[in-house]
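K.L.:
Build me a model:
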Amino acid sequence: MNKKIKNLEELYSFADIFAKQIKSNTLVLFSGELGAGKTTFIKALCQKLGVKEMVTSPTFTLVQNYQAKLPIFHLDLYRLETEKEIINMDIFNFLDEPNALVLVEWGEKLLCFKDLEYIMLEFHIISENKRELNIVGNGKKYQEMIKNL
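P.N.:
The predicted model follows:
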């Protein structure tokens, strides 16, 4: 599925629609170059899900944990370069948390794990304010989710 985003208002609107489709134990991967809108979308999504605190990119801490309607783990894999670093991060423990929502920036780094089911939002910069999102679901649950977007 492709989605054109013309401005921040449309990005926030799509975050609201996306938030309404979130189910427990959901893994959302985000990819796109620096400045493409990954963190901005995650901030909007977390706000729609009831996070009251400031949402920031965990580039240096690797993981932020937020409490809302469900536990949210926000990960940033930008600085990780190998499968071993990802495994050592215990990323799969976050996926085992009951009802958790796991949001992963630079999520394409997880695609080396073949059995992983996820929804991925790929951000592509069209111009200063415009973005194109390519949304891909891997697994029945996530393909159903895309149908409802």
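
K.L.:
Which of the helices and strands in this protein ranks last by mean pLDDT?
P.N.:
Each helix and strand of the chain was given a mean pLDDT (mean pLDDT, DSSP states H and E); the minimum falls on helix 91-96 at a mean of 82.

K.L.:
Residue 80 touches residue 109, doesn't it?
P.N.:
Yes. Contact status for residue 80 versus residue 109: in contact at 6.3 Å, counting by CB atoms under 8 Å. For glycine as for every other residue, the C-beta is placed from the backbone atoms N, C-alpha and C.

K.L.:
where do the contact lists of these two overlap?
P.N.:
Where contact means CB atoms under 8 Å, 6 or more residues apart in numbering, the residues bridging residue 80 and residue 109 through contact with each are residue 86.

K.L.:
so how many other residues sit close to the closest residue to residue 45 other than its chain neighbours?
P.N.:
Using CB to CB, 6 or more residues apart in numbering and skipping residues adjacent in sequence, the residue nearest residue 45 is residue 15, 4.6 Å away. Residue crowding around residue 15 was assessed by other CB atoms under 10 Å; the count is 20.

K.L.:
Before I go, just wanted to say thanks for your time.
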